[in-house]
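A.B. asks: 3D model of this:
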Amino acid sequence: MAARKPTGGNTLPQQGKVRNDIAAFVRKVGRLARPNAAEDGRLLFAMDATMSRQPSWDLAVSLQAEMFEAIPRDAALQVQLLYFRGLGECRASKWVLDAKALARLMSGIACQGGNTQIGKVFAHARDEHKRRRINAVVFVGDAIEENVDALAARAGELGLMGLPLFLFQEGHDTRVEAAFREFARLSKGAYARFDTSAPRQLAELLRAVAAYASGGRPQLKLQASDAAKALLTQIEGR
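C.D. replies: Sure, this is the predicted structure:
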């Protein structure tokens, strides 16, 4: 199916009708590039928004602002939200620099039943990275309903492009864990599991990746959390 491109932001091939209120909001939160935008770190924040993820989505909404707090004062971090849900809906916002704008965008999205679309996440990351470098991709999810070998090939492609995947798993599905760990290895990124009953866990993971996206390994090393140390150990071992 041909890609649909509403004026509000980037969009991926999808089926069904896209909510007009979300499309309108994406237009409003788009930010003009800063004069030094080429020097800003860029982080793609991708989330599974299928029905099982609503508690985790609500948690991420409440914690996402902490990503911006982890970067140096003389730096900036551009974040793009990408989510999938429902019958083929997979959408990306414009790049934003404002934590409040990102929170408003996330809070306006409700999770819907549907299958995973991780392949679209990896494809979008590849295409965006070709246009302008992305420093890191975060993916938060709890399931895989796609061909793992095909996804692994795409993760390897991202690794060859210098784009690491940071995969955060909710739950204890061993098949998902094995796949996420392989995607992280192939892309030269990192894997971690989090528990919604321990919100600080996810907060520390998001802060650690934001630090990496804004300043690379040196900035990540300045983070004192156990999550940052664990991610750094994986990255340096690639």
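A.B. asks: how far is the helix or strand hosting Val138 from where the chain is centred?
C.D. replies: Assigning secondary structure by DSSP states H and E places Val138 in strand 136-141. Centroid separation for strand 136-141 versus its chain: 4 Å, with Cα atoms, centre = their mean, to the nearest Å.
A.B. asks: list of residues touching the following helix or strand past it?
C.D. replies: Per DSSP H and E, the first helix or strand lying C-terminal to strand 136-141 is helix 148-160. Residues outside helix 148-160 that contact it (Cβ atoms under 8 Å, 6 or more residues apart in numbering) are 118-119, 122-123, 125-126, 129, 137, 144, 164-165, 179, 182-184, 186-189. All C-beta spots, glycine's among them, are computed from the backbone N, C-alpha and C.
A.B. asks: what is the subsequent helix or strand relative to helix 148-160?
C.D. replies: strand 165-170.
A.B. asks: between helix 148-160 and that following strand, find me the angle.
C.D. replies: 140 degrees (axes from the mean of the first three to the mean of the last three Cα atoms, to 10 degrees).
A.B. asks: now strand 165-170 - C-alpha only, PDB.
C.D. replies: C-alpha atoms of strand 165-170 as PDB (Å, rounded to 0.1, in the frame of the first residue of the first chain):
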ATOM      1  CA  LEU A 165      19.500  -0.300  18.900                       C
ATOM      2  CA  PHE A 166      18.700  -0.100  22.600                       C
ATOM      3  CA  LEU A 167      16.000  -2.700  23.200                       C
ATOM      4  CA  PHE A 168      14.100  -2.600  26.500                       C
ATOM      5  CA  GLN A 169      11.800  -5.600  27.100                       C
ATOM      6  CA  GLU A 170       8.800  -5.600  29.400                       C
END
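A.B. asks: that one - contacts with which helices or strands?
C.D. replies: Contacts defined by 3 or more Cβ pairs under 8 Å, 6 or more residues apart in numbering; DSSP states H and E place strand 165-170 against strand 136-141, helix 174-187, strand 190-194, helix 199-221.
A.B. asks: most packed of the ones you listed?
C.D. replies: With neighbours defined as mean count of other Cβ atoms under 10 Å, the helices and strands packed on strand 165-170 peak in mean count at strand 136-141, which reaches a mean of 25.
A.B. asks: find the nearest non-adjacent residue to Ala203, please.
C.D. replies: Leu63 (4.6 Å; Cβ to Cβ, 6 or more residues apart in numbering).
A.B. asks: okay but the one you found is in contact with Pro199, surely?
C.D. replies: Yes. Using Cβ atoms under 8 Å, Leu63 is in contact with Pro199, at 6.5 Å.
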